[in-house]
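# A predicted structure for the sequence below; I have some questions about it.
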Amino acid sequence: MIQWLHNFIPQPILLQWGWLTVYWYGLIVAVAIIVGVLVVSKMIKNQSWPIQSLDGILFWGLLGGLVGARLYHVILEWSYYRTDFLAIVKVWHGGLAIHGAWLGGLLVIYFIARHYKLSLFKLLDILVVGLVFGQAIGRWGNFFNQELFGLPTSLPWGIYIDLVNRPISYLLANYFHPTFLYESLLNLALFLILYLVYKKRKELIGLTTSVYLIGYSLIRFSLEFIRIDKTPEFWGLRWPQWFSLIIIGLVVLYWFLLRTTLSKSKKPV
């Protein structure tokens with residue numbers, strides 16, 4: 001595995017036949033979505049929810065997540081997209097941001113939950129388990145696009161990056177940290193943790209979602225120290241790191257307020 005990563009030079013196109021072009025990125029994202037949906041479907045089938053709501057949850061939730069993921073990326077990289085509007089729809093070239101997927105998916109799922117009178121956090125506790133499994137698979141799309149890699153490295157699992165895909169400041173380096181692989185493995189570990197948390201403590205509604213948000217935020221915060229793709233920076237930290245800190249802070253605040261409210265409600269009159 002290590003030697004394969006070190007020596008293999010991926011190409012973005014899987015096959016090309018006439019007008020038909022199949023990109024690795026698109027195929028991997030599609031597989032990630034399918035696997036994530038299967039995980040969610042298996043977990044959700046035991047819930048006493050209206051069956052017509054399941055299709056809406058999965059379809060509109062996915063659509064909202066994909067649109068949010070793309071818009072978020074385009075906004076952060078607006079200096080590039082404003083000179084090439086057509087590139088905005090070329091998702092097969094990469095550019096789906098998980099934080100944007102959170103925002104877009106959450107907005108849609110919130111309205112779906114209200115429409116069907118479902119518990120939002122009870123629903124999210126299931127969705128995040130499938131989501132993080134999909135993330136673990138989807139990160140491999142970055143490998144074939146040769147994007148979102150890390151700093152140069154001499155480690156035996158460093159991946160070769162074509163000259164055209166290297167930042168100008170790293171033209172003399174050949175091998176770089178496979179941050180896609182680090183995140184993929186960490187997401188897989190997080191999936192196992194979430195599955196166990198849900199199975200053991202699903203009566204604590206919102207706990208699985210909270211573990212996911214904090215767990216992934218810590219993963220992303222850590223990996224941003226070695227990622228070298230362009231992103232806005234403030235006071236020495238990259239924007240995804242600030243976003244991660246905000247999410248962790250909101251989760252901690254939610255549980256603090258919830259605990260405070262419950263404590264007050266138990267006080268004798």
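Ah, there it is.
# Please, where are all the helices along the stretch 1-150 of the chain?
With DSSP state H, counting those that start in this stretch, the ranges of helices along the stretch 1-150 of the chain come out as 2-7, 24-44, 51-76, 78-81, 98-116, 120-138, 140-145.
# and of those helices, who's closest to Trp157?
Closest approach to Trp157 among the helices of the stretch 1-150 of the chain is made by helix 2-7 (4.7 Å; C-beta to C-beta). The way it works is simple: take the backbone N, C-alpha and C, and place the C-beta from them, glycine included.
# for that closest one, packing partners?
Here helix 2-7 touches strand 159-160, going by 3 or more C-beta pairs under 8 Å, 6 or more residues apart in numbering; DSSP states H and E.
# Parallel or antiparallel, list what pairs with the strand it packs on.
Strand pairing for strand 159-160, determined by DSSP bridges: strand 175-176 (antiparallel).
# Which among the helices of the stretch 1-150 of the chain is found nearest to Leu14?
Once the helices of the stretch 1-150 of the chain are compared by C-beta to C-beta, helix 24-44 is nearest, at 5.1 Å.
# for the chain, where's the lowest mean pLDDT among helices and strands?
helix 78-81 (a mean of 67; mean pLDDT, DSSP states H and E).
# low pLDDT regions in this protein?
By pLDDT under 70, the weakly predicted segments of the chain are 1, 3, 46-56, 78-80, 84-85, 87, 89-95, 262-269.
# which residues does the residue most central in space within it contact?
Centroid-nearest residue in the chain: Ile98, 3.6 Å away (criterion: C-alpha atoms, centre = their mean). Ile98 is in contact with 69, 135, 216, 220, counting by C-beta atoms under 8 Å, 6 or more residues apart in numbering.
# Just the buried ones from the residues you listed?
If you count burial by 16 or more other C-beta atoms under 10 Å, the buried members of the contacts of Ile98 come out as 69, 135, 216, 220.
# in terms of contact, does the last one touch Arg238 like I think?
It refers to Arg220. No. Judged on C-beta atoms under 8 Å, Arg220 makes no contact with Arg238 at a distance of 9.7 Å.
# What is the nearest of the buried ones among the contacts of Ile98 to Leu155?
Nearest member of those to Leu155, counting by C-beta to C-beta, is Arg220, at 21.1 Å.
# Just the element for that closest one, please.
Using DSSP states H and E, the element containing Arg220 is helix 207-223.
# Distance check, the nearest residue in space to Leu15 that is not next to it in sequence against Ile33.
Once flanking residues are discounted, Leu15 sits nearest to Val22: 5.0 Å by C-beta to C-beta, 6 or more residues apart in numbering. From Val22 across to Ile33, the span is 16 Å (C-beta to C-beta, to the nearest Å).
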